[in-house]
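# Need coordinates for the below:
(chains A, B and C)
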Amino acid sequence: MADPRIVIVGAGPAGIRAAGALVAAGLRPILLDEGQRDGGQIYRRQPEGFTRTPEQLYGTEAARAVALHESFERLKPQIAYHPRHLVWNVADGVVHTISEGKPGQFAYDALIIAAGATDRLLPVKGWQHAGVYSLGGAQIALKAQACAIGRRVVFLGTGPLLQLVALQYHKAGAGVVALLDTSPFRRQVMALPKLAARPGMLVKGLRLVGGLMASGMAIHRGVTPVEIHGEAEAGVTGVSVRLASGRIRRFDCDAVGLGYHLRPEAQLADLARCAFTFDPKTRQYWPEIDAEGRSSVPGVYLAGDGVRTQGADGAEISGALAACAVLADLGRAVPEAERAALRARARIMERFREGIAEAYPWPAHLAADLPDEAILCRCEGITVGEVREAATGKGADEVNRAKALTRVGMGRCQGRYCGHAGAEIVAAASGVPLEAVGRLRGQAPVKPLAISAGESQP
Amino acid sequence: MTEPQRSDVLIIGGGIMGASAAFFLRQRGKSVTLIERGLIGQQASGTNFGNVRRQGRYLPQLPLANRSRAIWGRLNEMLGEDAEFLPSGHLRLAYSEEMAGRIEQYGRDARPYGLELQMLSGNVLRDRFPFLGPEIRAGSYSPLDGHANPRLAAPAFGRAAKRAGAVIVERTEVLSVEQEGGSFRALTADGRVFRAEQMLITAGAWGSRLSQQFGEPAPLVVHGPQMAVTEPVPYALEPVLGIATTIPEEIIYLRQVKRGNIVFGGGIRGPASAETLRAYVKPENTLGQLAQITRIVPALRRLNVIRVWSGIESYLPDDIPIMGPSARVSGLHYAFGFCGHGFQLGPGVGDVMAELIATGQTSTPIEPFTIARFASKATNQTGGHE
Amino acid sequence: MGGSGQARFVRLGETGRARIAVTVDGESIEALEGDSLLVAILTARGRLRRSEFGPEARSGFCLMAACQDCWVWTADGHRLRACDTPVRAGLSLVTEQPDMSWPIPV
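As a prediction, this is how the structure comes out:
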């Protein structure tokens, strides 16, 4: 029997560990990655010619990053690695790629999607101004290009990345004006029992908080974002928030890093027709998986932050577990002891993930309270008020209907950054539960597809 | 069980046909209830290309298309909402001499129906439409055709009908329909009963499921149109463009909306299912369209596609719809199976069906569309439009 | 401040890389080898483009090729996603979307 064709999408921690486990079982998987180099976003490698040390780049996670990069170098000759390959669609057992403008196809018997995460965003009035970046974007500017997004930067939102990036900026010598966290401190205290599932990570987190306290930057927790001030040409000029005390305070700045933790990049799972389920704790739909990453579709497996936001360590475990599931389902020998150990560790990762979600909750009420004039969809310039009007005046109490009537989520980003807030606004305005307003259906292409790709058919 | 809901006319299916019929029936003073399984205009009516095109149609359909075009021209005023109708002109293009000859002949044949087309070729064509690719030999220009936004049109009709007094019942599936004691009865999945003196079935791909309950099945098959849209670019492509060809892979049509996005479709149709309510765009079909679209407008090669979609369209073997009275049951009417070209006709179909239901006749000829053409000889007894 | 004429990004290190020249809106700027187009432009200018549907300048958002906010144009009208396209010497870029006037050279 010919060796099974196993395609892995994404060369971050999950994809690399999946590939490693398959190679260890004597297989040669195909690894497709959009990036120039392996590592994904979290362990993203700086371009050739950059000289910072792993410690400077990855901080406390340097050893893990280096271990992953080294594993990958050893794996490379044993896998079919295709960097700079965007998977733009999947159908009928074939993934469709674009590379250097040319379309390609990879048929699979098993598909492991490890597509990673992007920032979860909540609009604030004025977020369309130049100089507002996602937190992940602010971090990439520093990690991949040794740049700060501005001279005086405010970090606004919530989640572990908010504090990490603020401290990374401070340590790198950037001007950080303030860290403004919507989560009250008590939520983090309340989440301690779950966060203690990973004592080492908890200690790192506490050191991070200590580092921030010592940095001298203004830190406010439990804030309510009011507005990002700006001018059409000059971009961001300041941020106003209501502090926990109730007082409104303005911070002058020329850049904002904005984010509310992460959301899975689940478009490919959607195009592969995987079933989704509503998670009431994080208030979002995500793909259904079993304990080893099997989706609802036979032969399609989901791993890493592209399905559950567990972070890099959890991604490594879930990638290896998905490979075990593939081996088991293909009737191959599975390293059972390792599989059991991985499953035990995966449970710890999941408990910690829940703790993080509780410590830094998605502030749904802020979406419902956005002013009508705030831009909701940055791509298309659709306001909160337009979506509310469709919900209340035109009966659009479901997100795809609101999209059809207002264009919200129809732009270039395909609803990645407005989708969650848009759903909250539709739900609040219609008076129906968030679960009932549904989710934006995934539509190909996963990212824009050049029309010139039609000139070189496979 | 509560008392059955009663009205003069019960419409089953809230696409653009049903929604516009509800609106025009209210204008004629009839009480109307429209039952829709999902939301108004959600299926083929909301996912099609958005062509408001008359040229190229089956000639005996032109009177209906003309009537519809007249309504499109006053749609915003009539409905109080903007369905983004743009009378931008429509240009039907040919690569070959043979097809150029055919579209020229069509122009002559269409004239008696009141459709004036301008045949253009060579430098005249290129001077007027400088974006066209070198393979284009000739074009037929229909100055008063154009395009509109399918996501908005049917819902706008539905809301206008509701404001005018129609009862619009969404998210309600009709399980069975029957005639009982001279009136019609529909039973819904949630156990409600709706009664009316007359019934209109405008259920698109699901039309035959209902018509067969009256002994008139129709040989409907479903396909998914393969649609796509580019990122927005400055508005510069005024007419709707479409290729006239006998090669399915070559079929392509495109339009630019005022906001700037270019919408296109065509080529091989995709899979769709009336059972699962799903329709898909095949990746290879999208790639095939990309290769075709630059033959019409080469400069589009610089743009990106940002989204593709499909819908559930129903087709009949002769590629024309079912429209008109039942051939078996008095008071029963049909308008479904529009074979991928129903959007332009929608307002006219609603107007004609309302006229037919309210007065028993219509000034617009629709005989070719009778469901009787699919009846077996044994059951084809009444056959008529009394 | 921070407008099209003023740099948005601040370099915090890695400045020993080779210098290369690119043109932005007709003016020559200095970039470093290994820069993305986004960084090359924003370390010299305040914006990448303008919103199609609002008055404001745009300067990218996610930097990981997901948001599609950072498309710029070459002087001859081709589109490039600035955050994941490495800079090359001699590139000529514009931050205003060219009109679709016909015929466009292909």
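# so where do the strands sit in chain C?
For chain C, applying DSSP state E gives strands covering C:10-11, C:19-24, C:27-32, C:49-50, C:57-58, C:71-74, C:79-81, C:92-94.
# Buried deepest among these, which one?
Of all those, strand C:57-58 has the most neighbours on average by mean count of other C-beta atoms under 10 Å in any protein chain shown, namely a mean of 25. The way it works is simple: take the backbone N, C-alpha and C, and place the C-beta from them, glycine included.
# is that strand up against chain B anywhere?
No - using C-beta under 8 Å from any C-beta of the partner chain, strand C:57-58 stays clear of chain B, coming no nearer than 13.2 Å.
# Please state the mean pLDDT value computed over that strand.
In this model, strand C:57-58 has an average pLDDT of 96.
# Within its sheet, name the partner strands of it and how each one runs.
strand C:49-50 (antiparallel) (DSSP bridges).
# so for the strand it pairs with, what's the average pLDDT?
93.
# I'd like the strands of chain C written out as JSON lines, with distance to residue A:195 added.
Listed next are the strands of chain C as JSON lines, based on distance: least, C-beta to C-beta, whole Å:
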{"stretch": "strand C:10-11", "distance to residue A:195": "34"}
{"stretch": "strand C:19-24", "distance to residue A:195": "47"}
{"stretch": "strand C:27-32", "distance to residue A:195": "41"}
{"stretch": "strand C:49-50", "distance to residue A:195": "42"}
{"stretch": "strand C:57-58", "distance to residue A:195": "38"}
{"stretch": "strand C:71-74", "distance to residue A:195": "40"}
{"stretch": "strand C:79-81", "distance to residue A:195": "38"}
{"stretch": "strand C:92-94", "distance to residue A:195": "46"}
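# mind giving me the domain split of the chain?
Since no chain was named, I'll use chain A. Domains of chain A are assigned by automatic domain parsing as A:6-118+A:263-357, A:121-260, A:365-437.
# Chain B is the one I meant
B:5-47+B:151-218+B:318-374, B:90-143+B:225-310.
# Endpoints of the shortest one, how far apart?
This means domain B:90-143+B:225-310. End-to-end distance of domain B:90-143+B:225-310 (C-alpha to C-alpha, to the nearest Å): 23 Å.
# do you know how far residue B:113 is from residue B:370?
20 Å (C-beta to C-beta, to the nearest Å).
# more neighbours, the two?
Shown here are residue B:113 and residue B:370; by other C-beta atoms under 10 Å in any protein chain shown, residue B:370 has more neighbours (19 against 16).
# Using CSV, write out the CA atom coordinates for stretch A:409-429.
The C-alpha coordinates for stretch A:409-429 follow below in CSV (Å, rounded to 0.1, in the frame of the first residue of the first chain):
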residue,chain,number,x,y,z
GLY,A,409,-17.7,41.4,7.4
MET,A,410,-17.6,41.6,3.6
GLY,A,411,-14.3,43.4,3.3
ARG,A,412,-10.8,42.2,2.6
CYS,A,413,-10.3,40.7,6.1
GLN,A,414,-13.4,38.6,5.8
GLY,A,415,-14.7,39.6,9.2
ARG,A,416,-11.6,38.5,11.1
TYR,A,417,-11.5,41.7,13.1
CYS,A,418,-15.1,42.9,13.2
GLY,A,419,-16.9,39.5,13.3
HIS,A,420,-17.0,38.9,17.1
ALA,A,421,-18.0,42.5,18.0
GLY,A,422,-20.5,42.6,15.1
ALA,A,423,-22.2,39.5,16.5
GLU,A,424,-22.4,41.0,20.0
ILE,A,425,-23.9,44.2,18.5
VAL,A,426,-26.5,42.2,16.5
ALA,A,427,-27.3,40.1,19.6
ALA,A,428,-27.7,43.1,21.9
ALA,A,429,-29.7,45.2,19.4
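# Of all the domains of chain B, which one is nearest residue C:98?
Among the domains of chain B, domain B:90-143+B:225-310 comes nearest to residue C:98, with 8.1 Å by C-beta to C-beta.
# Between the strands of chain C, which one is closest to residue B:174.
Within these, the stretch nearest residue B:174 is strand C:71-74; the backing value is 47.3 Å (C-beta to C-beta).
# List the contacts of that closest one.
B:231, C:37, C:41, C:48-49, C:79-82, C:91-98 (C-beta atoms under 8 Å, 6 or more residues apart in numbering or on different chains).
# List the neighbouring strands of that strand plus their orientation.
Assessed with DSSP bridges, strand C:71-74 is paired to strand C:79-81 (antiparallel), strand C:92-94 (antiparallel).
# Dump those to TSV, plus mean pLDDT.
Formatted as TSV, those follow (pLDDT from 0 to 100):
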stretch	mean pLDDT
strand C:79-81	94
strand C:92-94	95
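# how about the lowest-mean-pLDDT helix or strand in chain B against chain C, any contact?
In chain B, the helix or strand scored least confidently by mean pLDDT, DSSP states H and E is helix B:122-128, which has a mean of 93. No - for helix B:122-128, no contact with chain C is found by C-beta under 8 Å from any C-beta; the gap never falls below 8.9 Å.
# Mind listing what's buried along that helix?
Across helix B:122-128, burial judged by 16 or more other C-beta atoms under 10 Å in any protein chain shown covers B:125, B:126.
# for stretch B:360-373, same thing?
Under 16+ other C-beta under 10 Å, the buried positions of stretch B:360-373 are B:362, B:364, B:366, B:368, B:369, B:370, B:371, B:372, B:373.
# do stretch B:75-87 as well
Of the residues in stretch B:75-87, B:75, B:78, B:79, B:81, B:83, B:84, B:85, B:86 count as buried by neighbour count, 16+ other C-beta under 10 Å.
# before we move on, the earlier item: skip ahead from the least confident helix or strand of chain B and say which helix or strand is next.
Sequence-wise, the next helix or strand downstream of helix B:122-128 (DSSP states H and E) is strand B:138-142.
# Could you work out the end-to-end span of stretch B:72-91 for me?
OK, stretch B:72-91 end separation, C-alpha to C-alpha: 19 Å.
# before we move on, what about stretch B:267-287?
The first and last residues of stretch B:267-287 sit 10 Å apart, counting by C-alpha to C-alpha.
# in that stretch, what counts as buried?
Buried residues in stretch B:267-287 (16+ other C-beta under 10 Å): B:267, B:269-270, B:272, B:274, B:279-287.
# show me which of these neighbour chain C.
Among the buried residues of stretch B:267-287, chain C is touched by none when using C-beta under 8 Å from any C-beta.
# How about the contacts made by residue 51?
This is for chain A. C:14, C:16.
# Actually, chain C is the one I wanted.
A:128, A:378, A:381, C:57, C:58.
# how far away is it from residue B:83?
25 Å.
# any bit of stretch A:292-306 sitting next to chain C?
No - applying C-beta under 8 Å from any C-beta, one finds stretch A:292-306 separated from chain C by no less than 12.1 Å.
# re the thing from before, any idea which of the strands paired with strand C:71-74 gets closest to residue A:351?
strand C:79-81 (38.3 Å).
# what's the distance between that closest one and the middle of its chain?
9 Å (C-alpha atoms, centre = their mean, to the nearest Å).
# Near chain B, which residues of the stretch 301-450 of chain A? Just list them.
So the stretch 301-450 of chain A meets chain B at A:394-395, A:398, A:401, A:404-405, A:410-412, A:414, A:443-445, A:448-450 (C-beta under 8 Å from any C-beta).
# What does the pLDDT read for residue 74?
You didn't say which chain, so I picked chain A. For residue A:74, the pLDDT comes out at 97.
# my question was about chain C
93.
# From residue B:84, how far off is residue B:256?
Using C-beta to C-beta, we find residue B:256 at a distance of 12 Å from residue B:84.
# Hmm, I typed the wrong one, I wanted residue A:51.
To residue B:84, residue A:51 is 55 Å away according to C-beta to C-beta.
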